[in-house]
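>>> Next comes the sequence, and after it the predicted model I'd like to discuss.
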Amino acid sequence: MQESIVVDLVEVAPFKALAVRTSMTPDKSGTRFAWSMLTKHVSLDDARLAAGPKAYVFIPQKQWNKEVDTLWVGLEVREFGSVPEVVEKLEVSGGLCASARVLGNEAHMWRVYETMF
(Lines give C-alpha, C1' and ligand atoms only; values in the text may rest on other atoms or scores of the structure.)
Protein backbone atom coordinates (compact mmCIF):
# COMPACT_ATOMS: atom_id res chain seq x y z
CA MET A 1 0.00 0.00 0.00
CA GLN A 2 1.37 3.42 -0.98
CA GLU A 3 1.76 5.85 1.93
CA SER A 4 0.43 9.30 1.26
CA ILE A 5 2.24 12.29 2.67
CA VAL A 6 0.27 15.49 2.95
CA VAL A 7 1.96 18.77 3.87
CA ASP A 8 -0.41 21.64 4.51
CA LEU A 9 0.12 25.32 5.17
CA VAL A 10 -1.91 26.18 8.25
CA GLU A 11 -2.49 29.33 10.25
CA VAL A 12 -1.55 28.59 13.86
CA ALA A 13 -2.74 30.61 16.84
CA PRO A 14 -0.10 31.61 19.40
CA PHE A 15 0.65 28.91 21.96
CA LYS A 16 3.13 27.77 24.60
CA ALA A 17 5.33 24.70 24.41
CA LEU A 18 7.85 22.88 26.55
CA ALA A 19 10.66 21.70 24.31
CA VAL A 20 14.12 20.16 24.14
CA ARG A 21 16.69 21.58 21.70
CA THR A 22 18.80 19.23 19.65
CA SER A 23 21.34 19.35 16.86
CA MET A 24 21.03 17.34 13.70
CA THR A 25 23.34 14.38 14.02
CA PRO A 26 24.91 12.46 11.12
CA ASP A 27 22.78 9.43 12.01
CA LYS A 28 19.68 11.69 12.36
CA SER A 29 19.01 10.50 15.92
CA GLY A 30 18.73 14.01 17.36
CA THR A 31 14.94 14.17 17.14
CA ARG A 32 14.54 10.81 18.84
CA PHE A 33 17.00 11.80 21.59
CA ALA A 34 15.19 15.10 22.19
CA TRP A 35 11.82 13.33 22.38
CA SER A 36 13.23 10.87 24.94
CA MET A 37 14.61 13.73 27.03
CA LEU A 38 11.37 15.69 26.81
CA THR A 39 9.11 12.81 27.80
CA LYS A 40 11.50 11.89 30.62
CA HIS A 41 10.83 15.32 32.16
CA VAL A 42 7.28 16.03 30.93
CA SER A 43 5.09 12.92 30.97
CA LEU A 44 2.38 12.49 28.36
CA ASP A 45 -0.27 12.62 31.11
CA ASP A 46 1.03 15.92 32.57
CA ALA A 47 -1.91 18.16 33.51
CA ARG A 48 -0.29 21.15 31.75
CA LEU A 49 -0.53 19.57 28.31
CA ALA A 50 -3.03 20.94 25.82
CA ALA A 51 -5.70 18.55 24.58
CA GLY A 52 -4.16 15.79 22.56
CA PRO A 53 -1.30 15.94 23.57
CA LYS A 54 0.09 17.80 20.57
CA ALA A 55 3.76 17.21 19.76
CA TYR A 56 5.78 19.49 17.50
CA VAL A 57 9.14 19.67 15.80
CA PHE A 58 10.15 23.32 15.60
CA ILE A 59 12.58 24.28 12.83
CA PRO A 60 13.29 28.00 12.46
CA GLN A 61 12.26 29.29 9.04
CA LYS A 62 15.73 30.71 8.33
CA GLN A 63 17.08 27.14 8.31
CA TRP A 64 14.76 25.93 5.54
CA ASN A 65 16.87 27.49 2.78
CA LYS A 66 20.00 25.71 4.00
CA GLU A 67 20.72 22.59 6.00
CA VAL A 68 18.77 22.25 9.24
CA ASP A 69 21.27 22.16 12.11
CA THR A 70 19.15 22.90 15.19
CA LEU A 71 15.58 22.02 16.03
CA TRP A 72 13.31 21.69 19.04
CA VAL A 73 10.96 18.85 19.92
CA GLY A 74 8.08 20.07 22.03
CA LEU A 75 4.67 19.55 23.55
CA GLU A 76 1.96 22.20 23.58
CA VAL A 77 1.02 23.27 27.11
CA ARG A 78 -1.60 25.52 28.68
CA GLU A 79 0.94 26.86 31.18
CA PHE A 80 4.66 26.42 31.85
CA GLY A 81 4.73 25.69 35.58
CA SER A 82 7.97 24.33 37.00
CA VAL A 83 10.39 23.40 34.22
CA PRO A 84 13.59 21.32 34.54
CA GLU A 85 16.81 22.90 33.26
CA VAL A 86 17.03 20.64 30.19
CA VAL A 87 13.57 21.75 29.00
CA GLU A 88 13.01 25.14 27.37
CA LYS A 89 9.90 27.32 27.50
CA LEU A 90 8.83 28.41 24.03
CA GLU A 91 6.22 31.02 23.24
CA VAL A 92 5.22 30.41 19.64
CA SER A 93 3.92 33.58 18.05
CA GLY A 94 1.68 31.75 15.62
CA GLY A 95 1.31 32.47 11.93
CA LEU A 96 1.64 30.43 8.77
CA CYS A 97 3.32 27.06 9.35
CA ALA A 98 3.97 23.87 7.42
CA SER A 99 2.08 21.00 8.98
CA ALA A 100 2.27 17.25 8.40
CA ARG A 101 0.92 14.44 10.50
CA VAL A 102 3.35 11.57 10.97
CA LEU A 103 1.90 8.20 11.85
CA GLY A 104 4.50 5.51 11.66
CA ASN A 105 8.11 4.78 12.28
CA GLU A 106 11.21 6.94 12.03
CA ALA A 107 11.69 6.10 8.35
CA HIS A 108 8.24 7.53 7.60
CA MET A 109 9.09 10.67 9.59
CA TRP A 110 12.17 11.23 7.42
CA ARG A 111 10.09 10.76 4.24
CA VAL A 112 7.78 13.50 5.53
CA TYR A 113 10.77 15.81 6.15
CA GLU A 114 12.06 15.11 2.62
CA THR A 115 8.65 16.00 1.19
CA MET A 116 8.62 19.26 3.16
CA PHE A 117 12.07 20.23 1.88
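The structure has been received and is ready for your questions.

>>> If you count neighbours, what's buried in the lowest-mean-pLDDT helix or strand in the chain?
Within the chain, judged by mean pLDDT, DSSP states H and E, the helix or strand with the poorest mean is helix 106-116; its value is a mean of 78. Neighbour-count burial for helix 106-116, counted by 16 or more other Cβ atoms under 10 Å, picks out 109, 112, 113. For glycine as for every other residue, the C-beta is placed from the backbone atoms N, C-alpha and C.

>>> likewise stretch 58-72?
59, 71, 72.

>>> Let me see the residues that make contact with that stretch.
17, 19-24, 30-31, 34, 56-57, 73-74, 88, 90, 92, 117 (Cβ atoms under 8 Å, 6 or more residues apart in numbering).

>>> Out of those residues, which end up buried?
Here, 16+ other Cβ under 10 Å leaves 17, 19-22, 24, 30-31, 34, 56-57, 73-74, 90, 92 buried among these.

>>> Of those residues, which is the nearest to residue 48?
Nearest to residue 48, judged by Cβ to Cβ, of these is residue 17 at 10.5 Å.
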